[in-house]
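A.B. asks: Structure here, sequence nowhere to be found:
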């Protein structure tokens, strides 16, 4: 009798264990990856609008296996802090201006060289092609995966002193720039007094007169309400910048190949939507900013191009001949 009970107990235990194992397999298959994705711009900017739809698209197509939470306005930190967080795995994703990656990979500065691109479409072709692939391959060993290239846009100078028409008009102007080598060198060459500052601190710095000027695309000037603290907009278009939609390599490795494909496809899709938002809003933004009291002027672009030629010479060893050759193949 005791033997029978023992056999029954062992059999029951085996059945229960087998059931638990059987139930655990689907749970593992349905495991959820949550990506906290941060950027520094306002929730009214096209970065945020498109990234929210990107997140919804991914959640739907992965049936909830990949969840993306969007954190605008620097809630997860500065661009540098988000990049560092992705490298160590404490932050899962970021939508970040391409120039901000220079402290991790200096070759990323090639995208935002002064007057590198004559049109948005020229830059898109390069980043959607071999230049983008080459740069993504350089960033991957640093712990960051590039999903897609979105747009920041052509940067223009705003200030409170006077219209900027030629480089000499920047003499003595205190201008805030992003904390990267190429941007600092650009404005030093133009005779301004550039200094880096985190984007989240820029509005108050302009308001308090710490800086006379700043440079950003019109969409950021509008979304950040810089029209409240700046008067003149000079259409220099001196730099076109990309926005890199990125994830931590640690997080990326947790996602199945099938879901990785879904995420990348959605990243490109909504990147194209965001690019179109930038193009569609350009004329309307000029009129809106004028209605807010900003004064626009054109510039002597040839004089700016000439003044900034030495930057190309000084940076060529950083980028190397192979990368510059790839870039130049799209600039012809």
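C.D. replies: Looks like it arrived, so ask away. If you're wondering where the values come from, they're calculated on a predicted model, not measured in any experiment.

A.B. asks: contacts and neighbour counts: CA atoms only from here.
C.D. replies: Fine.

A.B. asks: ok, so what distance separates residue 289 from residue 274?
C.D. replies: From residue 289 across to residue 274, the span is 21 Å (C-alpha to C-alpha, to the nearest Å).

A.B. asks: Only the buried residues of stretch 120-140, if you could.
C.D. replies: 120, 123-124, 126-127, 130-132, 135-136, 138-139 (16 or more other C-alpha atoms under 10 Å).

A.B. asks: Residue 219: which of the residues you listed is nearest?
C.D. replies: Using C-alpha to C-alpha, residue 120 comes nearest to residue 219 of those, at 14.7 Å.

A.B. asks: Mind picking the one among the buried residues of stretch 120-140 that's closest to residue 329?
C.D. replies: Nearest to residue 329 among the buried residues of stretch 120-140, with distances taken as C-alpha to C-alpha, is residue 126, at 8.5 Å.

A.B. asks: who are the neighbours in contact with that closest one?
C.D. replies: Contacts for residue 126 (C-alpha atoms under 8 Å, 6 or more residues apart in numbering) come out as 132, 327, 330.

A.B. asks: Let me know the average pLDDT across the helix or strand encompassing it.
C.D. replies: In this assignment (DSSP states H and E), residue 126 forms part of helix 120-127. Helix 120-127 shows a mean pLDDT of 98.

A.B. asks: Does anything pack onto the next helix or strand along the chain from that helix? Which helices or strands?
C.D. replies: Using DSSP H and E, the helix or strand that follows helix 120-127 in sequence is helix 130-139. In terms of contacts (3 or more C-alpha pairs under 8 Å, 6 or more residues apart in numbering; DSSP states H and E), helix 130-139 is packed against strand 144-159, helix 309-331.

A.B. asks: What are the buried residues along the helix or strand just after the shortest one?
C.D. replies: Beyond strand 144-159 on the C-terminal side, the first helix or strand identified by DSSP H and E is strand 174-177. By neighbour count, with 16+ other C-alpha under 10 Å as the criterion, the buried positions of strand 174-177 are 174-177.

A.B. asks: what's the answer for stretch 170-189, then?
C.D. replies: 170, 173-189.

A.B. asks: same thing with stretch 298-311?
C.D. replies: Buried residues in stretch 298-311, counted by 16+ other C-alpha under 10 Å: 299, 301, 304-305, 307-308, 311.

A.B. asks: Format these as CSV; extra columns: secondary structure.
C.D. replies: Formatted as CSV, the buried residues of stretch 298-311 follow (DSSP: H, G, I helix; E, B strand; the rest coil):
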residue, secondary structure
299, coil
301, helix
304, helix
305, helix
307, helix
308, coil
311, helix
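
A.B. asks: Of all residues in the chain, which one is nearest the centre?
C.D. replies: Nearest to the mean C-alpha position of the chain, by C-alpha atoms, centre = their mean, lies residue 96 at 2.2 Å.

A.B. asks: didn't that residue look like it was pressed against residue 47?
C.D. replies: No: using C-alpha atoms under 8 Å, residue 96 is not in contact with residue 47, being 9.6 Å away.

A.B. asks: And the helices in this protein?
C.D. replies: Taking DSSP state H as the criterion, the chain carries its helices at 2-29, 46-61, 79-88, 120-127, 130-139, 181-189, 202-207, 218-223, 249-252, 257-291, 301-307, 309-331.

A.B. asks: and residue 240, how far is that from residue 256?
C.D. replies: To residue 256, residue 240 is 35 Å away according to C-alpha to C-alpha.

A.B. asks: what do you get for residue 195?
C.D. replies: Separation of residue 195 from residue 256 (C-alpha to C-alpha): 43 Å.

A.B. asks: before we move on, what about residue 147?
C.D. replies: Residue 147 sits 15 Å away from residue 256, going by C-alpha to C-alpha.
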